[in-house]
Structures are given as C-alpha cells and as structure tokens.
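> Quick one, what's the 3D model for this:
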Amino acid sequence: MTDHPIRVYAHRGSSKTHPENTMVAFEHALEAGVTHLEMDVHVTRDHQVVVAHDAGGERMTGEPALLSESTLTEIKKWDAGFGFQDAQGDFPFRGKGLRIPTLTEVLTAFPDVRLNIDIKHHNPDIVSTVIEVVRRHDATHRVLLSSFNPRMVQVIRRLGYEGMTGVSRTELTMIMLIPRWFIPRSSIHGLALQIPRKWKRYYFDNRRLIEKVHYFGKRVDYWVINEVEAALELLEMGADGIMTDDPHLILPPVREFAQTHNRVLD
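Numbering: from 1, shown residues only. A predicted model of the protein is given here:
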C-alpha cells in the first residue's frame, strides 16, 4: 500500500466543458473541488510566460502564428474560446472575450492552488524565465515543474529550482529496463512519475511498474483519464493520481474510493 495521498488533477482545467488552459476552465475545475490544476506553458517573443498547450494558436484560437514568435500584446488579441466545440457541435465560447492567460495571472488568481506545470517549449533557455515567474510569486512550494523532454527536466534541476519536479523520461526508462537493485535510489529524482496508460508500444498501467516506482519513493500519476471505470481501475492497482479533463465526473467516485480504502485525498 502506498503512503502517497490520492490526487485528482484538472488537466488543462475543466477542459471537457470549457476551453483548455483558460481562466474559466480553471475556475470551473476548482468548483468541482479539485486542489490541483495541470497546465502547459510557452514563452512569447517578448519573454512572457503564457499558459497554452500548442506551440501555435491555430487549433484553439484560429490564429496560425507561433507563440514564441508573437508578443504578449498580439497574443492577448486572440480568441481563446474560438476552437472549443461542445458535445452538440456548437462553439459556445466564441467571441466571449476569453484570452490566453499568463502564468502570472494564474498564480495571482489562485494563490492557494497547487499547480502542475508542463513546460512545452523545447528551448532550455526559457526554463529560467518560467522559474523566475514562479519565484517572483513565492510559489515554489506549490508548483511542480516538469517536461516531456528530459533535457528540460535536467535544466530545471540544474538551475536549482526549489520546488518539486517530475520524474523524467530518462529516469522512467531506467525504472522500466533495469532491475531495481541495480539502481541507486538517489539516481531517481523528482516527486512524481506522470505517464499515460500507454505510449507507442509501451504499456504503463500495471501493478508491477507502480510498485517499482513506489520503491523509489515516487508518486505515480496517470493522464488523461476521463472514464470513471478506468480511474478506479488504476487506483486499485495502486496509482496515486488521476489527471482528467472532466473533474466534475471523476472527483466524486475517487473521493468515495479514498474513503472506502482508507487513503487520504489531497
């Protein structure tokens, strides 16, 4: 049995019902009762940290420009509700004044919320810019920084980030391929391994992997889980966290699971 508390992360906010990575998506997720928001960041041409998943604005805003080649003033004119389509095929947030938020705006609006930030940019030079914003808001104690790019994770740690980091893809490879008695515990850093159930030809949703990660004292969080049955199945295996686009659906059964299994819901 793991000692880690169970967590439900709102993946890009309540992105099932609202435009992802927008303030309204984060607000709606918090109304469900979650205390952890997952989001992605990029850095603009004028060195501002903005909250967005894609490198460009085409999918969500209809603007083809790249964030890294645009200024914040330009980006703030884009309609962040343009691309969101609901289950009925409508676009209910178009023209409603939604904008891509800055990380500063998010940290200011939600001072007590814990953030899980995925640095999407692949230029390691921008890591210091992200860290600077987090430090400026005295938020290192509540912000986990990670990246799918292991080089970016190395840079986060090398720059002496005081907060939490994710377990890198390189460390995941070590855990998967090398018997644990050959891996010094000190060689696996970070707080949490955050993974999908399956990636390419690799399956990560198994009790053996979870137990091996727990051996190194790390959490195991899965993304993106939008079905109650799948979430409960992973928790039964020993998973510690669920990242979901639909926290209003997933949180209640997870809360019940925690109560019936004597686990803490954080």
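> does the residue nearest the centre of the chain count as helix, strand or coil?
The structure's the chain has its C-alpha centroid closest to E38; by CA atoms, centre = their mean the separation is 3.3 Å. Under DSSP: H, G, I helix; E, B strand; the rest coil, the three-state class of E38 is strand.
> That one: what's it in contact with?
Y9, A10, H11, R12, L115, N116, I117, D118, W223, M243 (CB atoms under 8 Å, 6 or more residues apart in numbering). Bear in mind the C-beta positions are built from the backbone N, C-alpha and C, glycine included.
> With pLDDT, neighbour count and distance to N21 added, can I get the residues you listed in a markdown table?
Converted to a markdown table, those look like this (pLDDT from 0 to 100; neighbours: other CB atoms under 10 Å; distance: CB to CB, whole Å):
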| residue | pLDDT | neighbour count | distance to N21 |
| --- | --- | --- | --- |
| Y9 | 99 | 29 | 13 |
| A10 | 99 | 30 | 11 |
| H11 | 99 | 31 | 10 |
| R12 | 99 | 26 | 5 |
| L115 | 99 | 23 | 12 |
| N116 | 98 | 26 | 12 |
| I117 | 98 | 24 | 11 |
| D118 | 97 | 21 | 10 |
| W223 | 97 | 19 | 14 |
| M243 | 98 | 25 | 14 |
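> For G95, state which of those is nearest.
Proximity of the contacts of E38 to G95 (CB to CB) peaks at R12, which lies at 21.1 Å.
> Counting by contacts, list what the longest helix seen in the chain packs against.
The longest helix of the chain (DSSP state H) is helix 247-260. Helices and strands touching helix 247-260, by 3 or more CB pairs under 8 Å, 6 or more residues apart in numbering; DSSP states H and E, are strand 7-11, helix 23-32, helix 228-237, strand 241-244.
> out of those, nearest to M176?
helix 228-237 (15.9 Å).
> now the closest one against strand 7-11, angle please.
140 degrees (axes from the mean of the first three to the mean of the last three CA atoms, to 10 degrees).
> contacts for helix 228-237?
The contact list for helix 228-237 (CB under 8 Å, 6+ apart) reads 6, 197, 205-207, 210, 222, 225, 242, 244, 249-250, 253-254, 257, 261.
> which residues sit against the worst-scoring helix or strand of the chain on mean pLDDT?
Lowest mean confidence among the helices and strands of the chain (mean pLDDT, DSSP states H and E): strand 202-203, at a mean of 85. For strand 202-203, the external contacting residues (CB under 8 Å, 6+ apart) are M176, R197.
> One more: stretch 94-112?
Against stretch 94-112 from outside (CB under 8 Å, 6+ apart): 19, 21-24, 26, 30, 37, 39, 41, 48-52, 57, 61, 72, 75-76, 78-82, 115, 117, 130, 133-134, 136-137, 139, 142-143.
> Can I get the buried ones among the residues you listed as something I can paste into PyMOL?
Provided next is the PyMOL selection string for whichever of these are buried by 16 or more other CB atoms under 10 Å:
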select buried, resi 19+21+22+23+24+26+30+37+39+41+48+49+50+51+52+57+61+72+75+78+79+80+81+82+115+117+130+133+134+137+139+142+143
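> Now, the contacts of stretch 94-112 that are in helices?
Among these, the members falling in helices (DSSP H) are M23, V24, F26, L30, T61, L72, I75, V130, V133, V134, R136.
> tell me which of these is nearest to F182?
With CB to CB as the yardstick, the closest approach to F182 among the ones in helices among the contacts of stretch 94-112 comes from V130, at 34.1 Å.
> hang on, isn't the closest one packed against I117?
Yes. Between V130 and I117 a contact is recorded at 7.3 Å, counting by CB atoms under 8 Å.
> Now the common contact residues for these two.
What both V130 and I117 touch, as defined by CB under 8 Å, 6+ apart, is the set V41, L103, L145.
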